[in-house]
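Asker: Quick one, fold the following:
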Amino acid sequence: MGKGRVMVRVCPVCGRTSDEVPFIGGLCRDCYVERVGVAVVPRRIRFVYCQYCGSYKYQGGWNRGLGTVEETLLEYAHIVLSKRLKPTRDIAEAWIEGIRLDRPFTGPGLYRLLVSIAGRSRDGVEARQEVVVEVRADASVCPACTARLTKRGYEAIVQIRGSTGRLGEKYRREVRGFLEGLDPHLREAIVKTEEGRDGIDLYVLDHTSARVIASKVRAAFMGRTIDTYKLVGRRPDGKRRGRLTVSVRIPEIEPGQVLLVGGRETLFLGRTRRGGLFVDMRSGEQFELDAEALWERGFTPHPGGAPERRLMLLSRSGGTYVFLDAETGYQRVLEYPGEYVHVYTDTLEEGRLYRAFQAGRRLYILGEAVEEGE
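Answerer: As a prediction, this is how the structure comes out:
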């Protein structure tokens, strides 16, 4: 062979040369794929899924499924086969490009997976092949669904109560709506929900989910939580098994309600992202308190009630607000200098009726009122 000439390789199987087709090892690419293969994968796998929620079993635990059981099966197969994929002798790296079922998924049974495998040789030659893998799909019931179906198997209880003990119906409705909006994995962790005279009890699969649910309720409603732990037995492995109870207390206060907060006559304006917005009715100072600070300072309804008034705005000009008192049949005219009127409503229009509270010389306008009899 002359100097500088490139040696032409001949495939011992099909006779084609390296000028015609790339080679992998001592064979042309096609013969290498046919005789040796790109990679080795298991030819049979088992897929166990929950017939109720679609979760699947993997490495001894249960994992949330995808949109459909078929999608979950394909994802599971990709995970398992990728982990157990072994490139053949002259392939430097290999990967799974795609997986599909030979027929639509209809439930438990034996299926064939058509697996597309790609690889790259040490010389950078890419090769592909399709292999068939049998998968047996078996339906089961995961621990979470077992607990929900039997109403047993929970490890924690979240008790939602009002600040005075019992939770009122208005707050029950709000809490129900809030729980419906929780992330799916948290809703699925709730084995059962019971309502009694005092409030709402959530029976939760595990401690972590219970604490997360309780913290979200606490943040949404300016509540506080108290944890208690009770030993209820031992697990099969000998470890102690305890039941966690998280009590969430919700302050049953409404926007426009007058409270004594830390001894200060205070008007509650509403909830904020951090907690609640308040006004010191004597000084006019507006301040925000998070839930922890509110509970530390203490809060009770104003003993005198600081009665709500219903005032119709007659005019506002020259820095003076003029109202008609609805309680007197609109016969009494009230005038307030603008500096003493604090408005906490988006609009304030003449001829409309508003809810108002008075503390000293200050008047607080919260929002529109309803005419009696409406």
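Asker: Show the contacting residues for T17.
Answerer: Under the criterion of CB atoms under 8 Å, 6 or more residues apart in numbering, the neighbours of T17 are V8, R9, V10, C11. For every residue, glycine as well, the C-beta is placed using N, CA and C.
Asker: measure the closest residue to the third one other than its chain neighbours to C11 for me?
Answerer: Closest residue to V10 in three dimensions, ignoring its sequence neighbours and counting by CB to CB, 6 or more residues apart in numbering: T17, at 5.4 Å. If you measure T17 against C11 using CB to CB, to the nearest Å, the figure is 7 Å.
Asker: For the helix or strand hosting G119, name the packing helices and strands.
Answerer: Assigned by DSSP states H and E, G119 belongs to strand 109-121. Judged by 3 or more CB pairs under 8 Å, 6 or more residues apart in numbering; DSSP states H and E, the packing partners of strand 109-121 are helix 69-84, strand 91-101, strand 126-140.
Asker: Give me the sheet partners of the second one and which way each runs.
Answerer: In other words, strand 91-101. Its sheet considered, strand 91-101 pairs with strand 109-121 (antiparallel) by DSSP bridges.
Asker: buried set for the partner strand?
Answerer: Neighbour counts over strand 109-121 (16 or more other CB atoms under 10 Å) mark Y111, L113, V115, I117, A118, G119, R120, S121 as buried.
Asker: gap between the second one and K57?
Answerer: In other words, L113. 18 Å.
Asker: Kindly report the same for the fifth one.
Answerer: To K57, A118 is 29 Å away according to CB to CB.
Asker: Also the fourth one?
Answerer: From I117 across to K57, the span is 25 Å (CB to CB).
Asker: Of the helices and strands packed on strand 109-121, which is nearest V212?
Answerer: V212 lies closest, by CB to CB, to one member of the helices and strands packed on strand 109-121: helix 69-84, at 24.2 Å.
Asker: Quick one: list the elements packing against the helix or strand following the closest one.
Answerer: Following helix 69-84 in sequence order, the next helix or strand is strand 86-87 (DSSP H and E). Counting contacts by 3+ CB pairs under 8 Å, 6+ apart, strand 86-87 packs against strand 39-40, strand 91-101.
Asker: Name the surrounding residues that touch the first one.
Answerer: Read that as strand 39-40. L85, K86, P87, T88, I91, A94, I117, G119.
Asker: Ok, the longest one next?
Answerer: Residues from elsewhere that reach strand 91-101, judged by CB under 8 Å, 6+ apart: 24, 38-39, 70, 73-74, 77-78, 81-82, 85-87, 111-122, 127-128.
Asker: pLDDT of it, averaged?
Answerer: Throughout strand 91-101, pLDDT has a mean value of 95.
Asker: how much does that strand deviate in direction from helix 69-84?
Answerer: 160 degrees (axes from the mean of the first three to the mean of the last three CA atoms, to 10 degrees).
Asker: roughly how far out does strand 91-101 sit from the chain middle?
Answerer: In terms of CA atoms, centre = their mean, to the nearest Å, the centre of strand 91-101 is found 34 Å from the chain centre.
Asker: try stretch 278-285
Answerer: Distance of stretch 278-285 from its chain centroid, counting by CA atoms, centre = their mean, is 37 Å.
Asker: Could you pull out the buried residues of that stretch?
Answerer: F278, V279, D280, M281.
Asker: swap in stretch 75-91?
Answerer: Y76, A77, V80, L81, L85, P87, T88, D90, I91.
Asker: show me the contacts for the residue positioned nearest the centre of the chain.
Answerer: The centroid of the chain falls nearest to D183 when counting by CA atoms, centre = their mean (2.6 Å). The contact partners of D183, by CB under 8 Å, 6+ apart, come to none.
Asker: So it versus S209, what's the distance?
Answerer: Applying CB to CB to D183 and S209 gives a distance of 10 Å.
Asker: about what we covered before: considering the buried residues of stretch 75-91, which is situated nearest to L149?
Answerer: L149 lies nearest to Y76 out of the buried residues of stretch 75-91, by CB to CB, at 23.5 Å.
Asker: Verify the stated contact: the closest one with Q59.
Answerer: No. Contact criterion CB atoms under 8 Å: Y76 and Q59 do not qualify, at 11.1 Å.
Asker: quick one, phi/psi of G298?
Answerer: phi 90, psi 140 (degrees, to the nearest 10).
Asker: mind checking how far it is from A147?
Answerer: Looking at G298 against A147, where the rule is CB to CB, the gap reads 39 Å.
Asker: So those two - more neighbours on which side?
Answerer: Higher neighbour count among G298 and A147: A147, with 21 against 11, using other CB atoms under 10 Å.
Asker: sec struct for the more buried one, please.
Answerer: helix (DSSP: H, G, I helix; E, B strand; the rest coil).
Asker: which residue sits closest to it, ignoring its sequence neighbours?
Answerer: Closest to A147 by CB to CB, 6+ apart is G153, at 3.3 Å.
Asker: which stretch of helix or strand covers that neighbour?
Answerer: Under the criterion DSSP H and E, no helix or strand holds G153.
Asker: and the gap between it and C145?
Answerer: 10 Å.
Asker: that older thread, can you add distance to V48 and give the helices and strands packed on strand 109-121 back as a markdown table?
Answerer: Converted to a markdown table, those look like this (distance: least, CB to CB, whole Å):
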| stretch | distance to V48 |
| --- | --- |
| helix 69-84 | 9 |
| strand 91-101 | 17 |
| strand 126-140 | 5 |
